[in-house]
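Chemist: Give me the fold of what follows.
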Amino acid sequence: MWMTVAMSYYGLILINTSIMTLVTDHNQTIENSTNNCKMLTNDDYKSLIFTTFGEMFGIPLLLFFLSHFGRRTTCLINFSCASFCFVLFFFISQTKLWLINATTFLARMFISSQFGLMYLYTMEVYPTVIRAIAVGCASSMSRIGAMITPYLAQVLIKKTFYGTITIYVIATAVAAICAYLLPIETRGRGLKVRK
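Modeler: Down below sits the predicted model:
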């Protein structure tokens, strides 16, 4: 789950930018413009700033979910909604940037919420004597996902947009299933001091 959350978090940023740089005008799709590249315009930067605001709503969303649901349920909701947002990319025309921006905004909101929850949940599951090691190892796994995502969202997307999105859909859907199968619910439990 750690690898998926980082891969999705950074992937959303890069996918949005890749779409903007690959679409050279409103008549060409990504598949027709793989050899062309354009510089980002002022409108593109405004678009990126708009989608970044999705992250600002991620923490209040997380606080809302945590006050109403357990940690596992919140993980399931966040990953499922992010997966659904990735699925929406299949049905959105790459030339309709406002739809891509709205979908990216929502996806970034859920993934940002999930990133914060991953730290919280990992710290609550492990006892104090190994908590720092557990969080450090888990965070290291997330960096592997962060290293994978440029190859997906910047290189593979030029070859196959739908193939790239499929990888993100599958990864977030598998993470949602893993969240459902988590054996420990930490809501309302005290922190373990000893092993």
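
Chemist: Now do the worst-scoring helix or strand of the chain on mean pLDDT: which elements does it pack against?
Modeler: For the chain, counting by mean pLDDT, DSSP states H and E, helix 42-56 ranks last in confidence among helices and strands (a mean of 84). Under the contact criterion of 3 or more CB pairs under 8 Å, 6 or more residues apart in numbering; DSSP states H and E, helix 42-56 touches helix 2-22, helix 97-125. C-beta coordinates here come from the backbone N, C-alpha and C atoms, glycine included.

Chemist: In PDB, list the C-alpha atoms belonging to that helix.
Modeler: Only the C-alpha atoms of helix 42-56 are listed here, as PDB (Å, rounded to 0.1, in the frame of the first residue of the first chain):
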ATOM      1  CA  ASN A  42       0.000  30.400 -18.300                       C
ATOM      2  CA  ASP A  43      -3.300  28.400 -18.500                       C
ATOM      3  CA  ASP A  44      -1.400  25.200 -18.000                       C
ATOM      4  CA  TYR A  45       0.200  26.600 -14.800                       C
ATOM      5  CA  LYS A  46      -3.200  27.800 -13.600                       C
ATOM      6  CA  SER A  47      -4.500  24.300 -14.200                       C
ATOM      7  CA  LEU A  48      -1.700  22.800 -12.200                       C
ATOM      8  CA  ILE A  49      -2.300  25.200  -9.300                       C
ATOM      9  CA  PHE A  50      -6.000  24.200  -9.300                       C
ATOM     10  CA  THR A  51      -5.300  20.500  -9.100                       C
ATOM     11  CA  THR A  52      -2.800  21.200  -6.300                       C
ATOM     12  CA  PHE A  53      -5.600  22.600  -4.200                       C
ATOM     13  CA  GLY A  54      -7.000  19.100  -4.100                       C
ATOM     14  CA  GLU A  55      -4.200  18.200  -1.700                       C
ATOM     15  CA  MET A  56      -5.300  21.000   0.700                       C
END
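
Chemist: circling back: to residue 175, which of the helices and strands packed on helix 42-56 lies closest?
Modeler: Among the helices and strands packed on helix 42-56, the nearest to residue 175 by CB to CB is helix 2-22 (4.1 Å).

Chemist: Are there helices or strands packed against the closest one, and which ones?
Modeler: Packing partners of helix 2-22 (3+ CB pairs under 8 Å, 6+ apart): helix 42-56, helix 71-91, helix 97-125, helix 128-150, helix 157-159, helix 161-180.
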